[in-house]
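J.: Here is my input, please return the structure:
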Amino acid sequence: MSGALITTHVLDLVRGQPAAGVRVLLNFNDELIAEGLTNKDGRVSAWDREFALNAGPYRLIFDVEPWFAGWDQQSFYDDVQISFRINEVSQHYHVPLLLSPFGYSTYRGS
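T.: Take a look at the predicted model:
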């Protein structure tokens, strides 16, 4: 099964636009299973490898410090980690990140 059932995007809340160029790691059971880079729309359009979607704990790790540094902006965060659990492997899981230098928010999207 392809990793297309887990998607994400990053929105820069300060500039009010997508955050392009953010490295994103995807872990399952604390093991790296894929990584991607946000595109001009702030979305990871493709993971670097295929993976099976299994029930259990996942974590998205957004490497935000280099992205902020590219804007000459200091950030309180080196990275942002979002842990979530998948129980039903046939569903789509969209996990957005709304980001600013001193805060962030997330939700289960559609």
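
J.: tell me the contacts of the residue nearest to residue 40 when sequence neighbours are not counted?
T.: Once flanking residues are discounted, residue 40 sits nearest to residue 20: 4.9 Å by C-beta to C-beta, 6 or more residues apart in numbering. Where you see a C-beta, it was placed from the backbone N, CA and C, and this is true even at glycine. By C-beta atoms under 8 Å, 6 or more residues apart in numbering, the contact list for residue 20 reads 38, 39, 40, 41, 42.

J.: And for residue 30?
T.: Going by C-beta under 8 Å, 6+ apart, the list of residues near residue 30 reads 57, 59.

J.: Check what pLDDT it gets.
T.: Note on residue 30: pLDDT of 94.

J.: same deal with the one 10 residues further on?
T.: What the model reports as pLDDT for residue 40 is 98.

J.: so it touches residue 18, yeah?
T.: Yes: here residue 40 lies in contact with residue 18, judged by C-beta atoms under 8 Å, at a distance of 6.7 Å.

J.: What count of nearby residues applies to residue 58?
T.: For residue 58, the neighbour count with other C-beta atoms under 10 Å is 20.

J.: tell me which element it is part of?
T.: Residue 58 belongs to strand 56-63 when assigned by DSSP states H and E.

J.: Give the buried residues for the helix or strand just after that strand.
T.: Downstream of strand 56-63, the next assigned helix or strand under DSSP H and E is helix 64-70. Neighbour counts over helix 64-70 (16 or more other C-beta atoms under 10 Å) mark 64, 67, 68 as buried.

J.: And the residue nearest to residue 40, how close does it get to residue 95?
T.: 18 Å (C-beta to C-beta, to the nearest Å).

J.: picking that back up, checking the residue nearest to residue 40 next. Helix, strand or coil?
T.: Judged by DSSP: H, G, I helix; E, B strand; the rest coil, the three-state class of residue 20 is coil.
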